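*Asks:* Show me how the following folds:
(one chain, ligands or ions: 1)
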Amino acid sequence: MRPAEIRLTDVTVSHARRPAVHHVSGRFAPGSLTAVVGPNGAGKSTLLRALAGLHRPDAGRIEGAAGQVALLPQAAALDRGFPVSCLDAVLFGLWREAGAFRAIGAAGRGRALAALAAVGLDGFAGRPVGSLSAGQFQRVLFARLLLQDAPVILLDEPFNALDARTAADLLAMVHRWHGEGRTVVAVLHDLDLVRREFPDTLLLARDCLGWGATGEVLTAANRLRARMMAEAWSAEPEACERRDAA
Ligand SMILES: Nc1ncnc2c1ncn2[C@@H]1O[C@H](COP(=O)(O)OP(=O)(O)OP(=O)(O)O)[C@@H](O)[C@H]1O
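*Replies:* From the prediction side, this is the model:
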């Protein structure tokens, strides 16, 4: 598992010309385990979507991510009313590998069943995803990531609304991916968890307020700065003056 270095150079990502991520530069080293933290509306999900190629930066460059990323979106952003079984939901992980209209085959089904077993959902293959608890659904999404087998794994609030046991099981999987040499990036709000489990941190408040060793980034001064920036945001962020001036 040899992920490339992911480099961001002066990256700005906007929604309707309003910058959610503002002139961010830095790098995710191959095999690093990084938490992305910051206040609500800081641009964390937007950054992950840009890294996954789902949202194009309107300025700057992201290099090294294309084609090697698997993304776990925020559970709240997913529609669970869609009538699919757990097995099919996991098999969506093979979509890119197999192509939209190609048969998955017995080997693919076998891998999907093994992934369900690995996340503790043996026997759930035929269950509709709509009938799962939040924790069981998150396990299905982790099984899908397992099947995708990507060198870079992006997780958007992976432990939200989970009980201690489920969170611990999924955190163990994150550490396994890290141990295998994958690059893992997770958006998190629990700073105690970040300090305990994540060696590196990117502190975002639309601008990057720190990116490096967690202990050096999560200082009281940096967190205060992030809070003050968030309090200064109006409901609608301003258009980027630096970009408009360019
Ligand atoms: N689809 C969208 N259309 C318009 N604006 C959006 C869209 N998605 C996000 N935004 C805006 O972009 C900014 C950053 O949002 P984003 O979801 O990236 O922040 P976040 O740090 O992940 O927040 P949270 O911690 O609340 O999940 C916010 O001002 C948000 O309202």
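*Asks:* can you tell me the average pLDDT over stretch 41-54?
*Replies:* Mean pLDDT, stretch 41-54: 96.
*Asks:* got the contact list for that stretch?
*Replies:* If you take C-beta atoms under 8 Å, 6 or more residues apart in numbering as the criterion, stretch 41-54 is touched by 6, 11, 13, 15, 19-22, 24, 36-38, 55-57, 62, 65-66, 69, 71, 74, 77, 152, 154, 156, 185, 187, 204-206, 226, 230, 233. Every residue, glycine included, has its C-beta placed from N, CA and C.
*Asks:* so how far is that stretch off the chain centroid?
*Replies:* 8 Å (C-alpha atoms, centre = their mean, to the nearest Å).
*Asks:* Briefly note if it comes near the ligand.
*Replies:* Yes: using C-beta under 6 Å from any ligand atom, we find that stretch 41-54 touches the ligand at Gly41, Ala42, Gly43, Lys44, Ser45, Thr46.
*Asks:* And Leu8, how far from the ligand?
*Replies:* In this view, Leu8 and the ligand are 15 Å apart by C-beta to the nearest ligand atom, to the nearest Å.
*Asks:* how about that residue, what does it touch?
*Replies:* Contacts of Leu8 (C-beta under 8 Å, 6+ apart): Val24, Ser25, Gly26, Arg27, Gly60, Arg61, Ile62.
*Asks:* any idea how far the first one lies from Asp192?
*Replies:* Note on Val24: its distance to Asp192, by C-beta to C-beta, to the nearest Å, is 25 Å.
*Asks:* quick one, which of those two is more surrounded?
*Replies:* For Val24 versus Asp192, neighbours defined as other C-beta atoms under 10 Å are more numerous around Val24 (23 against 7).
*Asks:* Doesn't the more buried one belong to a strand?
*Replies:* Yes: according to DSSP: H, G, I helix; E, B strand; the rest coil, Val24 belongs to a strand.
*Asks:* Run through the bridge partners of it.
*Replies:* Val11 (DSSP bridges).
*Asks:* what's near enough to touch it?
*Replies:* Counting by C-beta under 8 Å, 6+ apart, Val24 touches Leu8, Asp10, Val11, Thr12, Leu47, Gly60, Leu204, Asp207, Cys208.
*Asks:* Quick one: buried ones out of those?
*Replies:* Leu8, Val11, Thr12, Leu47, Gly60, Leu204, Asp207, Cys208 (16 or more other C-beta atoms under 10 Å).
*Asks:* Closest one to Gln138 out of those residues, please.
*Replies:* Proximity of those to Gln138, judged by C-beta to C-beta, is greatest for Leu47, which lies at 21.0 Å.
*Asks:* I'd like to know how far that closest one sits from Leu171.
*Replies:* With C-beta to C-beta as the criterion, Leu47 and Leu171 are 21 Å apart.
*Asks:* ok, Asn160 - contacts?
*Replies:* Shown in contact with Asn160 (C-beta under 8 Å, 6+ apart): Gln74, Ala75, Ala76, His189.
*Asks:* How many residues are close by the first one?
*Replies:* Taking other C-beta under 10 Å as the neighbour definition, Gln74 ends up with a count of 15.
*Asks:* Reformat the contacts of Asn160 into JSON lines and put secondary structure next to each item.
*Replies:* JSON lines is the format used below for the contacts of Asn160 (three-state DSSP):
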{"residue": "Gln74", "secondary structure": "coil"}
{"residue": "Ala75", "secondary structure": "helix"}
{"residue": "Ala76", "secondary structure": "helix"}
{"residue": "His189", "secondary structure": "coil"}
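*Asks:* So which of those residues is surrounded by the most neighbours?
*Replies:* Neighbour counts for those (other C-beta under 10 Å) peak at Ala75, which has 18 neighbours.
*Asks:* Need phi/psi at Ala50.
*Replies:* Per-residue torsions, Ala50: phi -70, psi -40 (degrees, to the nearest 10).
*Asks:* let's have the chain start at 20 instead
*Replies:* Done: numbering now begins at 20, and the last item shifts to Ala69.
*Asks:* Okay then, goodbye and thanks.
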